[in-house]
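In: Need a 3D model of the following:
(chains A and B)
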Amino acid sequence: MSVKVEVIEGGVPHNKIMIAGLVSTLVCIYLTYLNAFTNTEMFSFFGGLAVVSALIWGSHTIKVLCSYGIGTGVPSAGMIAFGSGVIAMLLATKFGMLAPIVALVLAAVIGFILGYVSNNILNMKIPAMVQALTEMAVVGALTVMGFAALITGGFSFVGLTTSKAVFMGLPMTSYGNSFLGGGLIAVAFLLGAIAIQHPFNACLGPGWKQDRMLMLTAECGFLSMIVAAVMSFALISAGSAIISLIIALIGWFYTYSQYFVLSKRDAAAWLDSKPIPDTEGH
Amino acid sequence: MEQIVFGIGITALTGALATVAGSAEDTESNIGSQGDPNSQVQLAPQMGFLHRIFNKAVAGEPPAYGLWCALGAGLAWAFMAMQINAILAIVLGCVLAVFVQGVYATTAYLGRTASLAKFGQPVYVDIIKSMTTVTMAHAFIAIFCTVALCQLINGALGHPFPLPLLALIWGIALGAAGSATGNPYYGKERQYQNQKFGAGVPISASGNIVRYAEAGERNSIDNGFFTHKIGGSASGICFGLIVFLELWRTILFEKIYAGWGAIAVGVLLILIFTVIDRYIEVWARKNYGPYTAAKEAES
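Out: You can find the predicted model right below:
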């Protein structure tokens, strides 16, 4: 999944990115239900693609919010996105087929409340705050859901808390060897939280370019997908995990090389072993 | 009794691992100008001071190390679930986590530098090649030691938390220890060696970081070499003490009043350290502080 954005003044409007991100994330998450219909785990990689598209939307939301100078570092925005999103995601996993929609609605409610509290009670008075925190909570919830689908093949509450293993010839149910019980949700949380804030944090400055930042987001998403796919070897079949890993590697390689191209385009100069250029007065 | 002796042995081992981790973490973050000193490296070209310092702003150190350690532990957990030997699993997990760290470091440097194009700051390819690999090596030591100590806490001491969650907590603690202890030494002293000792960063000197070395132009490996001597060691002692004392009080006093004994000892330790810190601060101000000089000037 690549992000082809033409460089125009201000770039693609935020609402367009939001709608595209929301729709593609939901479609990708629902496509992981192909696992249940076909009784395989081959379609887990759609969870990873959902992560990438949700992160692209989320990193642009962070750009909109942090352009105001919110008084804390950019990384804090990633933490609050996932902190509020993970609650909604966990509760939503109880709702079967409706889980992604429930996660979306619940996260939006939590994010709206947080935005209201920051703006009106803590008096931060930042115009984009309520909408941005609402969006980021949704992004957080859907990203963790995507990671869950990628690593375990689904996101039902039972599937996330138990795993079946054969021990000395007897089928055993294990709670410790699962997405929640093994603490993999903590890894998913931080993988997403760093990946969502890094692109704007890395590309901020007077020369910020939208296409470069979004390409970096896609790169961060695919990079997270690579390691999540490696972790998925423990919980889903090896063949399915290899499919996710190959897709992640191809996506990462493409976006990483494109990011280099875009950085070369925007940089003042691209030097190898050269001294500091002379500037006037210093 | 035997159990307590075993526990103290494990505690000593985790403390030693933590000391190495803290030292490597601080050196890694200083080579990458991560955390507190980062703002001055970012600001310098805007004030006209172009430089050859590596600038990898991934996040603050605590969240960044929270991710690297949790990731290393999550991967190690997954490899162990695949019946791979624990030591090999931890090494493999940490290698992959370091790969992620290295990729993040390169993208951070490229992004920040490309966004400063207006001020003429070039991207140095040799900086990416030489600094990233050095930070990756240090990060591997830090992550491996932290994940290994978490595995000891989980496996040998029987902590109920799963490995990735423990690594998340101790990773954040590691980043916080390095950030609070070692960074001021780099950010306030090394970057401003041309200012009066202990003067902090005067606004008029903002961005005017030291850019030239004893020979040639200063790069971040010079900074890592310099700060490792005191900043890295101090961070190592800080994180080592945190891990050692935390486990020591739990193992020795957990049985007293159903756990309240360990909590009381923890509060006592905090009080003792507060007194020590206050004493050192007052002593340092008296001996080195520009504070007295500033007061004389006012009066």
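In: For residue B:12, list the residues it contacts.
Out: Residues touching residue B:12, when contacts are defined by CB atoms under 8 Å, 6 or more residues apart in numbering or on different chains, comprise residue B:244. Every C-beta, even on glycine, is put in place using the N, C-alpha and C of the backbone.
In: and if you look at the one 10 residues further on?
Out: Neighbouring residues of residue B:22 by CB under 8 Å, 6+ apart: B:142, B:174, B:177-178, B:181, B:232, B:235-240.
In: mind redoing it with 6 Å?
Out: Under the criterion of CB atoms under 6 Å, 6 or more residues apart in numbering or on different chains, the contact partners of residue B:22 comprise B:177, B:235-236, B:239.
In: Please, which helix or strand holds the residue nearest the centre of chain A?
Out: Geometric centre of chain A, nearest residue: residue A:55, 3.6 Å, by CA atoms, centre = their mean. When secondary structure is defined using DSSP states H and E, the element that contains residue A:55 is helix A:45-66.
In: right, and the residue nearest to the centre of chain A touches residue A:221 too?
Out: Yes. Residue A:55 is within contact range of residue A:221, at 4.5 Å (criterion: CB atoms under 6 Å).
In: Tell me, how many residues neighbour residue 185?
Out: No chain in the question, so chain A it is. Residue A:185 has 24 neighbours, counted by other CB atoms under 10 Å in any protein chain shown.
In: oops, I was thinking of chain B
Out: Using other CB under 10 Å, residue B:185 is surrounded by 21 other residues.
In: Most neighbours among the contacts of residue B:22, which one?
Out: Using other CB under 10 Å as the contact criterion, the top neighbour count among the contacts of residue B:22 goes to residue B:239, which has 33 neighbours.
In: downstream neighbour of the host helix or strand of it in the secondary structure list?
Out: If you go by DSSP H and E, residue B:239 is part of helix B:233-253. Using DSSP H and E, the helix or strand that directly follows helix B:233-253 along the chain is helix B:260-288.
In: Only the buried residues of that next one, if you could.
Out: The neighbour-count criterion (16 or more other CB atoms under 10 Å in any protein chain shown) identifies B:261-262, B:265 as the buried residues of helix B:260-288.
In: Could you list every helix and strand that the helix holding residue B:239 packs against?
Out: Helices and strands touching helix B:233-253, as assessed by 3 or more CB pairs under 6 Å, 6 or more residues apart in numbering or on different chains; DSSP states H and E, comprise helix B:2-31, helix B:163-181, helix B:260-288.
In: The residue lying closest to residue B:252 once chain neighbours are set aside and residue A:183, how far apart?
Out: Sequence neighbours aside, residue B:4 is the residue nearest to residue B:252 in space, at 7.0 Å (criterion: CB to CB, 6 or more residues apart in numbering or on different chains). Distance, residue B:4 to residue A:183, using CB to CB, to the nearest Å: 28 Å.
In: coming back round to it: most widely separated two among the contacts of residue B:22?
Out: In the contacts of residue B:22, two members sit farther apart than any others by CB to CB. They are B:177 and B:236, at 8.8 Å.
In: just curious, which of the contacts of residue B:22 is nearest to chain A?
Out: For these, the residue nearest chain A by CB to the nearest CB is residue B:177; the value is 17.9 Å.
In: what's the nearest residue to the closest one if we skip its chain neighbours?
Out: residue B:239 (4.0 Å).
In: Residue B:22 too?
Out: Among residues not flanking residue B:22 along the chain, residue B:239 sits closest, at 3.2 Å (CB to CB, 6+ apart).
In: quick one: contacts for the one you found?
Out: If a contact means CB under 6 Å, 6+ apart, then residue B:239 has B:18, B:22, B:174, B:177 as its contacts.
In: what kind of secondary structure is residue B:36 in?
Out: When states are read from DSSP: H, G, I helix; E, B strand; the rest coil, the local structure at residue B:36 comes out as coil.
In: Touching, it and residue B:182? I think so.
Out: No. If you go by CB under 6 Å, residue B:36 and residue B:182 don't touch, sitting 9.7 Å apart.
In: Those two: which is more packed in?
Out: The residue with the greater number of neighbours, taking residue B:36 and residue B:182 and applying other CB under 10 Å, is residue B:182; the counts read 31 against 18.
In: how far away is the residue nearest to residue B:252 from residue B:150?
Out: Distance of residue B:4 to residue B:150, computed by CB to CB: 21 Å.
In: just residue B:106 next, same as before
Out: Here residue B:106 is placed at a distance of 27 Å from residue B:150 (CB to CB).
In: now swap in residue B:281 and tell me
Out: Spatial separation of residue B:281 from residue B:150 under the definition CB to CB is 33 Å.
In: near chain A, which residues of the stretch 151-299 of chain B?
Out: Within the stretch 151-299 of chain B, the residues that sit near chain A (CB under 6 Å from any CB of the partner chain) are B:162, B:164-165, B:168, B:217.
In: So which of these wins on neighbours?
Out: Ranked by the number of neighbours (other CB under 10 Å), these place residue B:164 first, at 32 neighbours.
In: Assign a three-state SS to residue A:205, would you?
Out: Classification of residue A:205 into helix, strand or coil gives coil, according to three-state DSSP.
In: returning to what we had before: out of the helices and strands packed on helix B:233-253, flag the one nearest residue A:269.
Out: Distances from residue A:269 to each of these were compared using CB to CB; the shortest belongs to helix B:2-31, at 22.9 Å.
In: Run the chain-centre distance for that closest one.
Out: Using CA atoms, centre = their mean, to the nearest Å, the distance from the centre of helix B:2-31 to the centre of the chain it belongs to is 13 Å.
In: mean confidence for the helix or strand following that helix?
Out: On the C-terminal side of helix B:2-31, the closest following helix or strand by DSSP H and E is helix B:38-43. With pLDDT averaged residue by residue, helix B:38-43 scores 88.
In: hmm, helix B:38-43 touching chain A?
Out: No. Contact between helix B:38-43 and chain A is absent, the nearest approach being 7.7 Å (criterion: CB under 6 Å from any CB).
In: buried ones in that helix?
Out: When neighbours are counted by 16+ other CB under 10 Å, the buried residues of helix B:38-43 are found to be B:38, B:40-42.
In: In JSON lines: those residues, plus distance to residue B:84.
Out: Converted to JSON lines, the buried residues of helix B:38-43 look like this (distance: CB to CB, whole Å):
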{"residue": "B:38", "distance to residue B:84": "37"}
{"residue": "B:40", "distance to residue B:84": "44"}
{"residue": "B:41", "distance to residue B:84": "40"}
{"residue": "B:42", "distance to residue B:84": "42"}
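In: List just the nearest of those residues to chain A.
Out: The nearest member of the buried residues of helix B:38-43 to chain A, counting by CB to the nearest CB, is residue B:42 at 7.7 Å.
In: end-to-end on stretch A:113-133?
Out: The straight-line separation of the ends of stretch A:113-133 (CA to CA, to the nearest Å) is 9 Å.
In: Look up how far residue B:108 lies from residue B:45.
Out: Summarising the geometry, the distance separating residue B:45 from residue B:108, computed by CB to CB, is 16 Å.
In: what's the answer for residue A:46, then?
Out: According to CB to CB, residue A:46 and residue B:108 sit 29 Å apart.
In: Who has more neighbours out of these two?
Out: Per other CB under 10 Å, whichever of residue A:46 and residue B:108 has more neighbours is residue B:108, with 27 against 23.
In: Surely residue A:164 is within a helix?
Out: No. According to three-state DSSP, the state of residue A:164 is strand, so it is not within a helix.
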